[in-house]
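# sequence unknown, structure follows:
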């Protein structure tokens, strides 16, 4: 038995040198996170991460979840998940309440792996793959006077760094400018590099369909979040109208939230985030639901090295969809915007080489946290 002795939330934040924005118009001036540390009575420490506003996640954990799991066996990870979810179901079945549970769940899996001396992916079904192909997420809007030029320069930089797939932002308020920008990037990176676009749900259904048909001519692999996540009927329309894949789901939570998406095939690709949608435990259930309905699962990832590691373990244990002689394995989202918590929080950072990221093989999440970095950026 590994009883839980202590639960600590570390809120961290760091200013970034080049603020950036997307179609939502929010200017990112800082990067931050709520890092969850859980310690057992025998001194084993597990690390987790919560997606979204860090102080909100910390409030949920400090007041609702943390006291409730003290003394519980860390190995009862899914029992704890159900207990916490049912504790807040009346007012927290989505959003930050679930993101906070996600951080706890990831930390518990880290503990279980460390106690067993096994990487997390070996405990959730085994490794379908020892490495994953990564795509670089970037090409936000920074210099409004050089929107096309900066996108071309950044995309070429990722290809020079070895990435074989790139995802760029669209949604500038002008479909002609969006197409010109995507067209310039496609020409710059060539036909052999996979290209995806992300609108951060800024279009109407008709606008998304019109733009999507033009994007198809540029060999765009998927159209991510074309419309608002609340409009499931709209997603059905867009998905049926376009030949290229439609992706979404980073703003959805738990198996219940994804149920209608996959049963109606409202999206071709769902993108649950392990730090938001319910942790590793819940994302396994979401992926199983998707597989049963012939929907691909390519998780969203945005955060520190803890979220990166948790996502990689989840991907390692995810079967090819569909299975075939020469399958197309799920991609790993490796966002490239300035982020010290991705690059410096672990003593040995997770990196890519020629567009490939190796799955961690150490016990638990397979990373060692640098407490000096936590202290340096503590809020």
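Right, received. Where do you want to start? As the structure is a computational prediction, the values presented were derived from the model and not from experiment. Numbers count the residues shown, from 1 in each chain.
# what packs against the helix or strand hosting residue 9?
Using DSSP states H and E, residue 9 falls within strand 4-20. Under the contact criterion of 3 or more Cβ pairs under 8 Å, 6 or more residues apart in numbering; DSSP states H and E, strand 4-20 touches strand 28-40, helix 54-60, helix 66-69, helix 340-343. For glycine as for every other residue, the C-beta is placed from the backbone atoms N, C-alpha and C.
# Which strands or helices does the longest one pack on?
Think strand 28-40. strand 4-20, strand 45-50, helix 54-60, helix 96-116, helix 340-343.
# can you put the ones you listed in CSV and add distance to residue 253 and mean pLDDT?
Below are the helices and strands packed on strand 28-40 laid out as CSV (distance: least, Cβ to Cβ, whole Å; pLDDT from 0 to 100):
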stretch, distance to residue 253, mean pLDDT
strand 4-20, 20, 97
strand 45-50, 12, 98
helix 54-60, 13, 98
helix 96-116, 4, 98
helix 340-343, 23, 98
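# Could you point out which of these sits nearest residue 296?
helix 96-116 (21.3 Å; Cβ to Cβ).
# how about that closest one: buried residues?
Residues of helix 96-116 classed as buried: 96-115 (neighbour count, 16 or more other Cβ atoms under 10 Å).
# Next: stretch 43-53.
44, 45, 46, 47, 48, 49, 50, 51, 52.
# on that earlier part again, how about the strand holding residue 9: buried residues?
Those would be 4, 7, 9, 10, 11, 12, 14, 20, for strand 4-20 by 16+ other Cβ under 10 Å.
# chain center to it: distance?
Averaging C-alpha positions (Cα atoms, centre = their mean, to the nearest Å) puts strand 4-20 17 Å from its chain's average.
# by how many degrees do that strand and strand 45-50 diverge?
40 degrees (axes from the mean of the first three to the mean of the last three Cα atoms, to 10 degrees).
# Check the spacing between residue 120 and residue 50 real quick.
17 Å (Cβ to Cβ, to the nearest Å).
# Break down the stretch 251-379 of the chain into its strands, ranges please.
269-270, 296-297, 332-335, 356-358 (DSSP state E, counting those that start in this stretch).
# Which stretches in the chain count as helices?
Along the chain, counting by DSSP state H, helices occupy 54-60, 66-69, 77-88, 96-116, 120-123, 147-160, 175-189, 205-216, 232-241, 254-263, 279-292, 305-316, 340-343, 371-376.
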